[in-house]
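K.L.:
Return a 3D structure for these sequence lines:
(2 chains)
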Amino acid sequence: MIAALRSEWTKTLRRPRTYVALAFVAFIPAVVALALWLNPPDLGDADRFFYTATQTGLLFPAAMLDIMSRLVLVVVVALFAGDAIAGEANTGNLRYMLLRPVARARLLAAKLVITVVLTIAAAVFLTGTATLAGGLAFGFEPLELEIFFEDQSVTNLLGHIGMATAYVSWTLASVVAFAFMISTMTDSPAAAAGAGVGLGVTSQILNEIESLGGIRDLLPTRYIDAWRGLFWSNRVPDDMWSGLIQPIPWVVLFLAVAWVWFQRKDVLA
Amino acid sequence: MRGGILGDERVPVVVLAELRARDRLAISLLSAGPVDRDGGHQPRTTLTAGSAIQDMVGTVLVVKDADLVFERMDDTPASAPVIEVRGLTKRFSPTVLAVDDLSFTVERGQVVGMLGPNGAGKTTTLRMLVGLVRATAGECFIFGERVRPGLPALSRVGTLIEGAAFVPHLRGITNLRIWWESGGASWDEAAVDEALAVAGLGDAIHRKVKTYSHGMRQRLGIARALLARPDALILDEPTTGLDPQEIREVRRLISRLAAEGVTILLSSHLLSEVEQTCSHVVVMDRGRLVSAGPTADLVRSTNASVYLEVDDHAAAARVLASIRGVGAIHHEVTGLTIDIDGVPRSEIVAALVRAGIGVETVQARRQLEDAFLGLVGEEHTR
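P.N.:
Numbers count the residues shown, from 1 in each chain, chains lettered A, B, ... in the order given. Here you go, the predicted model:
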């Protein structure tokens, strides 16, 4: 698998699209930080994340995660995951990859590793740029605004940014696994990415319907926002623990189907 | 040479002719004597211990004052067919039967052409042969091993299926390299120089593949198939999309590889291509085997036609009409085309010359095409 992984890594690193997608994810926080710096919001008319973000730049990554994790990140990681196998099938290169003496399972595993790395990279680029841009614009200050949030030291805030980044990456796992699964079934990377976005968006829409009650606990993105408590309460919210466990069955299911499907697939592309 | 382990041998002077890479022999020099390589145009090379014989394909090796060990690394029994297909069937859906109970073998050293109209199941068969598509029933074997995805023996087969495909955003050379290395092999082991010579892309090998023309991709695809110094080649319509010059080069390449002992299975719908390059033919139609055997037999089994240019058409036609086994005579602008049934061409020419008619040209016409259409046509009317 190491050999297959190295080849996949070369493909990924030399692909302009990898950088375009990551640059896009990093570009938005930079632009928003600049806009807020030029035009600071008043307490009255701003989202509280954005208002407080202008008081300390270390809350700015939380504000950006809040607006980007539910759609922009979902789209970006679904694009990465959807491209994994379908992208190779689309160019026809998949058949030649399978002609090397590499078991299909290993190739799939190599593709999954790359997808996971890209997913985490997207989240890290987002909060990394946001931390840097927010800090430069509004200072690397501790949080001392008792109106909304408990006080937090700089170290605490940085730790929470790291935890939120990791957590958001994990909440995207079901979307990634689903797009990855569809990617083994179709020759169209766009279709596979669309399926991933579809799952993420549908799950979030259903999550808004409170009358669904307990059914909502089954939704793969049920706890996608639970990380926000890190910045409100200065401790790890219970929902985050639920959010760590709840997607596991979905992820396992989607990856298992992908594995079985890819083993048995007739490669006609 | 092609027999197996020769063992330790003190050889003052050994001349090895007909070296074939596919024998997978290795030479180790136990004592460091000079080894000359005399390949005419090849530079003289001094081999060191462990040099692979593959580097010397097609050259005559002269070894002086050295202890040699020859090891046969290719332990495939010589008797096993390179490719064997038994009762192979592929049903894609209840109504789509792509390949139906197909059986044929490709023996070592043969060049087999797979012929059939579009949709005959040629590509599906080739995909099953290399483990890309699962057979519904039946089996196929490569070098005696049952085909499954990831089978190590597949690395001894160079493959081109339904056009060459690459990672578009990588350079040609990078594509070859990461493809090769993904199988866990070292780039040093690949026949890079030979493959690049076949690709003939020059500096373009360092350009991204997305800038390549179709013909360039196809040539790079053939080059990739040769990286492993394969014992066998499976080529699906290798000349599709190439210009006449490139087609000629590919044909020459196939002939050269065949002469080196590479077993080749190629599919084509170009009858002339098969007729010129293949020793054997497998004819398929609608997923079934129609005919298999030596190309010459297939051609001989049907009524051939001959094109003649003579100085007196009318007189020639009279003479020809009197020869037994000569069928219809068609007058063309510059000559005559006649259908013959079992009469050697030499006999026809002799008869014409005896009658005092000057014969300028004698050409066999569309032999395989007639044979093929006869076979496939029969099937369709059944």
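K.L.:
then stretch A:86-101 to PDB, C-alphas only?
P.N.:
Provided in PDB are the C-alpha atoms of stretch A:86-101 (Å, rounded to 0.1, in the frame of the first residue of the first chain):
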ATOM      1  CA  ALA A  86     -14.600   8.300 -10.100                       C
ATOM      2  CA  GLY A  87     -12.000  10.800 -11.100                       C
ATOM      3  CA  GLU A  88      -9.700   8.000 -12.200                       C
ATOM      4  CA  ALA A  89     -12.600   6.200 -13.900                       C
ATOM      5  CA  ASN A  90     -13.500   9.400 -15.700                       C
ATOM      6  CA  THR A  91     -10.200   9.800 -17.400                       C
ATOM      7  CA  GLY A  92     -10.000   6.000 -18.000                       C
ATOM      8  CA  ASN A  93      -6.800   5.800 -15.900                       C
ATOM      9  CA  LEU A  94      -8.500   3.500 -13.300                       C
ATOM     10  CA  ARG A  95      -8.100   0.500 -15.500                       C
ATOM     11  CA  TYR A  96      -4.400   1.000 -15.900                       C
ATOM     12  CA  MET A  97      -4.000   1.600 -12.200                       C
ATOM     13  CA  LEU A  98      -5.600  -1.800 -11.600                       C
ATOM     14  CA  LEU A  99      -3.200  -3.500 -14.000                       C
ATOM     15  CA  ARG A 100      -0.300  -3.100 -11.700                       C
ATOM     16  CA  PRO A 101       0.000  -5.900  -9.200                       C
END
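K.L.:
what pLDDT, on average, does it get?
P.N.:
For stretch A:86-101, mean pLDDT rounds to 94.
K.L.:
is chain B contacted by that stretch?
P.N.:
Yes. Between stretch A:86-101 and chain B, judged by C-beta under 8 Å from any C-beta of the partner chain, the touching residues are A:Thr91, A:Gly92, A:Asn93, A:Arg95, A:Tyr96, A:Met97, A:Leu98, A:Leu99, A:Arg100, A:Pro101. For glycine as for every other residue, the C-beta is placed from the backbone atoms N, C-alpha and C.
K.L.:
For the residues you listed, pick the one with the most neighbours.
P.N.:
A:Leu99 (27 neighbours; other C-beta atoms under 10 Å in any protein chain shown).
K.L.:
Spatially nearest residue to that one, not counting backbone neighbours?
P.N.:
B:Thr159 (5.2 Å; C-beta to C-beta, 6 or more residues apart in numbering or on different chains).
K.L.:
same deal with B:Asp339?
P.N.:
Nearest to B:Asp339 is B:Gly327, by C-beta to C-beta, 6+ apart, at 3.7 Å.
K.L.:
go on, B:Ile83?
P.N.:
B:Val106 (4.0 Å).
K.L.:
Distance check, the one you found against B:Leu265.
P.N.:
5 Å (C-beta to C-beta, to the nearest Å).
K.L.:
Next up, the contacts around the residue in the stretch 251-382 of chain B that chain A sits nearest to.
P.N.:
Residue of the stretch 251-382 of chain B nearest chain A, by C-beta to the nearest C-beta: B:Leu265 (14.5 Å). Contact analysis of B:Leu265 by C-beta atoms under 8 Å, 6 or more residues apart in numbering or on different chains lists B:Ile83, B:Val106, B:Val112, B:Met114, B:Leu126, B:Leu129, B:Ala232, B:Leu233, B:Ile234, B:Leu235.
K.L.:
Could you identify the most distant pair in those residues?
P.N.:
By the measure C-beta to C-beta, B:Met114 and B:Ala232 form the most distant pair in those, at 13.8 Å.
K.L.:
between these two, which one's more packed in?
P.N.:
Neighbour totals were compared for B:Met114 and B:Ala232, and B:Met114 leads with 29 against 24 (other C-beta under 10 Å).
K.L.:
Point out the residues in chain A that sit beside chain B.
P.N.:
So chain A meets chain B at A:2-4, A:6-8, A:10-11, A:14-17, A:91-93, A:95-104, A:107, A:263-264, A:266-268 (C-beta under 8 Å from any C-beta).
K.L.:
Show me which residues of the stretch 51-200 of chain B sit near chain A.
P.N.:
Residues of the stretch 51-200 of chain B lying near chain A (C-beta under 8 Å from any C-beta): B:92, B:127, B:130-134, B:149-152, B:154-155, B:157, B:159, B:161-170, B:174, B:178-185.
K.L.:
again, 6 Å this time
P.N.:
B:130, B:132-133, B:149-150, B:152, B:154-155, B:159, B:161, B:165-167, B:169-170, B:178, B:181-184 (C-beta under 6 Å from any C-beta of the partner chain).
K.L.:
Now which of these would you call buried?
P.N.:
Listed as buried from these are B:130, B:132-133, B:149-150, B:154-155, B:159, B:161, B:165-167, B:169-170, B:178, B:181-184; burial here means 16 or more other C-beta atoms under 10 Å in any protein chain shown.
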